[in-house]
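# Predicted model and sequence follow; I will ask about them next.
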Amino acid sequence: MILEAVRFAFSGIAANKMRSALTTLGIVIGISAVIALLAVGAGTQNSIKSQIAKLGTNVLTVNRSVSTGGRSTGGSATSTRSQSTNLTQADQQALQDPVLAPDVAATAPVVQAQSITAALGTSTHSIASTLGTTGDYFGITDFAAAAGRVLNAGDTGQSVVVLGNSVAADLAANTASLVGQSVSLNGQQFTVVGVLAAKGTSGLNDPDDVAMVPIDTAKDKFTGYSLSLSSIAVQAKSADVMVQAQNEIQQILDARHQVTEANRDYQVRNQAQLLTTATSTTQTLTTLLGAVAGISLLVGGIGVMNIMLVTVTERTREIGIRKAIGATRGNIVAQFLVESLIVSVLGGVMGILLGVGISSIPLFGVTPEVQWWTVWLSVGVSAAIGLVFGIYPANKAARLRPIDALRYE
Amino acid sequence: MSGITSSAATLPYPSAPGRAAQHPVISLSAVHKIYGEGEAEVRALDGVGLSIARGEFVAIIGASGSGKSTMMNIIGCLDAPTSGEYRLDGIATGELDEHQLAQIRNRKIGFVFQNFNLIPRTRAVDNVAMPLAYRGVSRRERHERAMAALDAVGLSERASHLPSQLSGGQQQRVAIARALVTEPVLLLADEPTGALDTHASHEVLDLFDSLHATGRSIVMITHELDVAARAERTVRMQDGLIIADSRTGGVA
């Protein structure tokens, strides 16, 4: 009997091809929107993850804390230690203790110079981030030289610079040709020893808009000689021992700075935390996109119900005939329910194909990734739409009294 | 839906099947049908008693408003009487629920309507086979029986035509084939010639005659006296009552 209902339903659909097609289209748009938009959301998440991975997944950064006002030292209750002296190169070297910090692989001191403009001939470039550091920094942050070399111990005190790819590209068309040339940084001459390979943009921040000089040179020429570091870059032995490495760093620095967890004057951040924050942001975005798509699916479902109601009204007489010749309520419900199911499931299948198709095209600079669970969900939802929005019209049809239905013109 | 085949046993058939032939096909006793209430009350049927035996060809005639359409609805199990008893082939229909009434219509009655009432955009053979589909007959058997029924009304070569491709007379013959395909105990025709020209009317009435000759029970509602004259018995109605019941002896 179900087979009969399917046959009757198909003939009903075929009887009004244009209308059936438009109704189906509503579901197609809804389902494909759900799949494509959720794929875009997932794609965004993936690209953010990969950008953060570029920064190094096992990198910890020790920063001076800006939230702590100060701490008392020795017997002087009123003396507050200046924030600028909190992190020193001695701190950095202390972190390289293989006994106290077995999970730390490498460390590098970082001083940051502000507002540095690079110039070569008539080309200038305002560098977003100019760092004074050591050779270890490149390994920790996964920067490699595309031409020339990165900094090494022999550069100490020398006026040499390693340029990030974006900086180099602004100064010369052929970035490799810069190696060995002299560029000026805020009017002081530096010899370019290397140009870094591009990491690629991560949205707002350009990780390639950097320049690195030896740390002593940076202090000498830009920041002034002080003990203070901007930060310490730390590489853990692996991504799995991030927490241990962080604890070890905190133990060492707490002892050196005579602080406790309550009044720490520095903070250790790891990229995983950054990842968590970014992920929750994109998850919100994905939820929003999904909600919008879900609404369009709902509208499509209402379209199905609307058309089924029209169909029932239009075929009142047919329902009367069928009842007169022996169709039960169940037969009539089945016929119209199957009809709405076919329309919505057909729309669902086509919507999945369209949605997957759309998802293969990069949108807004991200490559969408189809979430296969959304496909199964869509199949379920489209079937549910057929049932939920079909049951009312089908029942309405089944409840018609045959004499009323037969009299209907 | 699956109940169609399985619930045959639930129908209150008479206890001894062998005696079924002795039941009148239709037995109405003190049937009232009242619409509305109070001032607006309309007594469409006001105490009707009627018995029609197996094999009879009966015409129910009357002016519009006489209650003959209400009679047709009640006899066809499309409507229930307000009071009184209606037995169809020995089955007391008042005790049946909607589902069982649908089965009764499917098994016991073949309907022929004034305006044919074929399902549009559906081939003649599929229209004829449709009552069998609601009974759970297999597709092949349905097709065979539908073709046989179409053959019986002389339309087997039009089996694949759509209703819109058939003349009025042909459509009515398809409708008669649909009514006969289930081998019902009663052929119930409501103004079967009302929408047909004289020639097609004769075709249809000749078909009724030959069906009657093979022993089929036919009840025909009409307001045309010459059409009623083809029946062997004429029941005349007025104001919800039977005012005359005469045997004319069939075709003059």
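Thanks, I have the structure now.
# Residue in the stretch 251-400 of chain A with the shortest distance to chain B?
Residue nearest to chain B within the stretch 251-400 of chain A: A:G326 (2.4 Å; Cβ to the nearest Cβ). (Each C-beta comes from the backbone N, C-alpha and C, glycine too.)
# and B:M71, how far is that from chain A?
12 Å (Cβ to the nearest Cβ, to the nearest Å).
# What of B:R123?
Here B:R123 is placed at a distance of 10 Å from chain A (Cβ to the nearest Cβ).
# Quick check: the residue of the stretch 251-400 of chain A closest to chain B vs B:D206, distance?
In this view, A:G326 and B:D206 are 27 Å apart by Cβ to Cβ, to the nearest Å.
# who's more crowded, the two?
Ranked by neighbour count (other Cβ atoms under 10 Å in any protein chain shown), A:G326 and B:D206 place A:G326 first, with 25 against 12.
# Now do the SS call for that one.
coil (DSSP: H, G, I helix; E, B strand; the rest coil).
# in what helix or strand does the residue lying closest to it once chain neighbours are set aside lie?
Nearest non-adjacent residue to A:G326, counting by Cβ to Cβ, 6 or more residues apart in numbering or on different chains: B:N106, 2.4 Å away. Using DSSP states H and E, B:N106 maps to helix B:98-108.
# check contacts around the residue of the stretch 251-400 of chain A closest to chain B.
B:A102, B:Q103, B:R105, B:N106, B:R107, B:P131, B:Y134, B:R135, B:T182 (Cβ atoms under 8 Å, 6 or more residues apart in numbering or on different chains).
# got it, and B:S201?
B:G169, B:T193, B:V227.
# Now the first one. Nearest residue, chain neighbours left out?
It refers to B:G169. Leaving aside its chain neighbours, B:G169 sits nearest to B:A200 (2.9 Å; criterion: Cβ to Cβ, 6+ apart).
# Could you do A:L178 as well?
Nearest residue to A:L178 in three dimensions, chain neighbours excluded: A:V192, at 4.7 Å (Cβ to Cβ, 6+ apart).
# So among the contacts of B:S201, which ones count as buried?
B:G169, B:T193, B:V227 (16 or more other Cβ atoms under 10 Å in any protein chain shown).
# Tell me how many other residues crowd residue 139.
All of this refers to chain A. A:G139 sits with 16 neighbouring residues when counted by other Cβ under 10 Å.
# actually it's chain B I care about, not the one you picked
As a burial measure, B:R139 scores 13 neighbours (other Cβ under 10 Å).
# got it, and the one 10 residues further on?
The burial metric for B:A149, expressed as a neighbour count using other Cβ under 10 Å, is 25.
# picking that back up, of the contacts of A:G326, closest to A:R315?
Nearest to A:R315 out of the contacts of A:G326 is B:Y134 (Cβ to Cβ; 16.4 Å).
# before we move on, the earlier item: the residue nearest to A:G326 touches B:G136, doesn't it?
No: contact between B:N106 and B:G136 fails when scored by Cβ atoms under 8 Å: they sit 10.2 Å apart.
# and the two? which has more neighbours close in?
When B:N106 and B:G136 are compared for neighbours, B:N106 comes out ahead with 23 against 16, by other Cβ under 10 Å.
# OK, contacts around that one?
Contacts of B:N106 by Cβ under 8 Å, 6+ apart are A:I325, A:G326, B:I4, B:P131, B:Y134, B:R135, B:T182.
# now A:L25
By Cβ under 8 Å, 6+ apart, the residues touching A:L25 are A:G347.
# residues of the helix or strand hosting it that come out buried?
For A:L25, the element it lies in under DSSP H and E is helix A:17-55. Under the neighbour-count criterion of 16+ other Cβ under 10 Å, helix A:17-55 has A:20, A:23-24, A:26-45, A:47-48, A:51-52, A:54-55 buried.
# How about stretch B:216-225?
For stretch B:216-225, by 16+ other Cβ under 10 Å, it's B:R216, B:S217, B:I218, B:V219, B:M220, B:I221, B:T222.
# Contacts for that stretch next, please.
B:25-26, B:52-64, B:68-69, B:71-72, B:75, B:180, B:185-194, B:208, B:211-212, B:227-228, B:231.
# Only whichever of those are buried, select them in PyMOL.
Typed into PyMOL, the next command selects the buried ones out of these (criterion: 16+ other Cβ under 10 Å):
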select buried, chain B and resi 25+26+52+54+56+57+58+59+60+61+62+68+69+71+72+75+180+185+186+187+188+189+190+191+192+193+194+208+211+212+227+228+231
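# Out of the contacts of stretch B:216-225, which sit inside helices?
B:K68, B:S69, B:M71, B:M72, B:I75, B:L180, B:F208, B:L211, B:H212, B:V227, B:A228 (DSSP state H).
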